[in-house]
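A.B. asks: what's the 3D shape of this:
(one chain, ligands or ions: 1)
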Amino acid sequence: MKSQIKKIENYVPEEPIENVKSRLGLKKLIRLSANENPFGTSPKVKQAILNWSFSEENRYPDGYASNLRQSVAQYIGVAPEKLVFGVGLDEIITMISRIFLEKDDEVLLSKPTFSEYALHASIEGAKVIEIPCIPETGNYNFAEFLSQLTDKTKLIWVCNPNNPTGTYEDRTTLKHFFDKIPANVLILLDEAYIDYVTKDDEGSFIAELENYPNLMVLRTFSKVYGIANYRVGYAAMNEKLANYMQSVRLPYNLNSLAQVAACAALADQKFVTESVNKTELERKNWENFFSKNKIKYYNSQANFIFFYYPNANELADELLKNGYQIRRGLLNNWLRITIGTVSDGLVLRKIISEYNLK
Ligand SMILES: *Cc1c(COP(=O)(O)O)cnc(C)c1O
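C.D. replies: Next comes the predicted model:
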């Protein structure tokens, strides 16, 4: 066994909702800990699954995900050859680490950020260098990233908006930073939450792909598209990098139902827009609430908010008792809550207000 594996802590996946309920004796449980779409899934996805010809279950799926590839390529405006699909971004992150990292390579990432970047770097025996976010705003400390660059630096992870801080870096800031990164260092831009950005009309950085041959942009169907269960994510990059990725990708990674579901989800942009609009309104409600109650939080452009609470674990327990699960354990005394429906928000904010007075 690789010696580095012994030191690695397992990623703990979300416990199934039914298990949590029976373990805690809860009648209902609303999960706001995994940034899933609280408005469910487009009904068009179910229809597409039901319309699938159940005649090819004995056959391997389309290993090139041709239909989905065409649809995504057209939607984001890149050539189909520049796309690599994975069983969620989880698999894309695994593939990237597997291909590009060797023992003692260095990986730069922000702290806190999505834990899988560090996990897979460690599995490959690479050295993870965590650069704390700017404490006041939660934004990336890009100056510090630049000062940590060495000739061992292989990968730089940028999550935008960042999970769990929710903070957003605008295109100009990213460009200034990316322009200073040497061509032999790979920049991974994780845009899992980019659809939720409403601050300006910049949208995805994919439009800039041509200008950065060492850039990959990662997107997923698990969040605003509401099909986390089907496991579909993808990355866009230049063709040379895409070829490396294709050579290690498992040939039939996406099953047919996942491909069908993702096509249907992509086609229903009305569902996406409505989800984003509802999230934006409720995000404002949360920001107003936190401001009014002098609870420190970071400005979010995602479908979750990260906030500081002196006894965070006790507050999370109180919410859980009331049937709401939120995310703890990402940073000491900080909690991350997925932005849910307005009605759940009203109940949650009432519970927190009352708890505040105790
Ligand atoms: C949820 C999430 C992912 C993983 O998404 P999947 O496609 O479901 O594997 C990737 N990156 C970030 C930042 C996430 O929050």
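
A.B. asks: other residues contacting the helix or strand encompassing Leu319?
C.D. replies: Assigned by DSSP states H and E, Leu319 falls within helix 312-321. Here helix 312-321 makes contact (C-beta atoms under 8 Å, 6 or more residues apart in numbering) with 24, 26, 309, 325-326, 328, 332-335, 348, 351-352, 355. C-beta coordinates here come from the backbone N, C-alpha and C atoms, glycine included.

A.B. asks: swap in stretch 19-33?
C.D. replies: 14-15, 17, 38, 320-321, 323-327, 336-340, 344.

A.B. asks: swap in 7 Å and give it another go.
C.D. replies: Glu14, Ile17, Leu320, Gly323, Tyr324, Gln325, Ile326, Arg327, Ile337, Thr338, Gly340, Asp344 (C-beta atoms under 7 Å, 6 or more residues apart in numbering).

A.B. asks: before we move on, what about stretch 159-173?
C.D. replies: Identification of contacts with stretch 159-173 by C-beta under 7 Å, 6+ apart yields 110, 112-114, 133, 137-140, 189-193, 196-197, 199-200, 202, 205, 298-302, 304-306, 330, 336.

A.B. asks: buried subset of those?
C.D. replies: 110, 112-114, 133, 138-140, 189-193, 196-197, 205, 298-302, 304-306, 330, 336 (16 or more other C-beta atoms under 10 Å).

A.B. asks: so what's Val45 closest to, chain neighbours aside?
C.D. replies: Leaving aside its sequence neighbours, Val45 sits nearest to Ala264 (C-beta to C-beta, 6 or more residues apart in numbering; 4.6 Å).

A.B. asks: okay, now whatever residue of the chain ends up closest to the ligand: neighbour count?
C.D. replies: In the chain, no residue comes nearer to the ligand than Gly88, which is 2.6 Å away by C-beta to the nearest ligand atom. Gly88 is flanked by 23 other residues according to other C-beta atoms under 10 Å.

A.B. asks: Glu91 sits in which helix or strand?
C.D. replies: Assigned by DSSP H and E, Glu91 belongs to helix 88-100.

A.B. asks: which neighbouring elements make contact with that helix?
C.D. replies: Packing partners of helix 88-100 (3 or more C-beta pairs under 7 Å, 6 or more residues apart in numbering; DSSP states H and E): strand 83-86, helix 116-123, strand 186-190, strand 215-220, strand 233-236, helix 239-248.

A.B. asks: is the ligand contacted by the fourth one?
C.D. replies: Yes: using C-beta under 6 Å from any ligand atom, we find that strand 215-220 touches the ligand at Thr220.

A.B. asks: which residues sit against that strand?
C.D. replies: Residues outside strand 215-220 that contact it (C-beta under 7 Å, 6+ apart) are 88-89, 92, 178, 186-192, 204-206, 209, 233-237, 241.

A.B. asks: any buried residues in stretch 312-329, and which?
C.D. replies: So for stretch 312-329, counting by 16+ other C-beta under 10 Å, buried means 312, 315-316, 318-320, 322-328.
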